[in-house]
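J.: predicted model, plus sequence, below.
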Amino acid sequence: MRTFFLVAGSVLIAIAAFFHVYFFTLESLTWRRPKTWKTFGLPSQEHAEIIRPMAFNQGFYNLFLALGSLVGIAILGINSAVGFTLMIFASSCMIGAGAVLFFSVKKSRKAAIIQAGPPLIGVLLVIIGLSR
């Protein structure tokens, strides 16, 4: 049963990481495309250009969080303590960022749940697996 929780938690954390790679792509690589900035509720290209430096930076935050989780998963077989620590830390940052979004921007609550839900459940499953 312990293995089930660890694997299920790791899979959810990996899914969260891939969401964050997608957010990186939107915020840092495709920001100037109308489809992208409309996804974020911006009314015009002019508004997108004003926010672009912030979005670019935020995209890299998302990428680094994703990399922390994925590197943690990748090194589990080499050093489980370091792997789990990276996974839990990066995922906890994703959860925290999702919580801030949830409570600060009412229109973005669905996005916040998408951002924080998988890593939250993943962390809980990993903790349950480690405690058994």
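T.: Looks like it came in fine.
J.: now for the closest residue to residue 114 other than its chain neighbours, how many residues are close by?
T.: Closest residue in space to residue 114, ignoring its immediate chain neighbours: residue 19 at 6.7 Å, by CB to CB, 6 or more residues apart in numbering. Where C-beta positions appear, they are placed from N, C-alpha and C, glycine not excepted. Close neighbours of residue 19, defined as other CB atoms under 10 Å, add up to 18.
J.: do the same with residue 66
T.: Number of residues near residue 66 (other CB under 10 Å) recorded here: 23.
J.: wait, it touches residue 17, no?
T.: Yes - counting by CB atoms under 8 Å, residue 17 is a contact partner of residue 66 at 4.0 Å.
J.: just to revisit the earlier point, host element of the residue nearest to residue 114?
T.: Here residue 19, judged by DSSP states H and E, is contained in helix 2-24.
J.: run the angle between the lengthiest helix in the chain and helix 2-24 for me.
T.: Counting by DSSP state H, the longest helix found in the chain is helix 45-74. Helix 45-74 and helix 2-24 are oriented at 150 degrees to each other (axes from the mean of the first three to the mean of the last three CA atoms, to 10 degrees).
J.: thanks again, I'm all set now.
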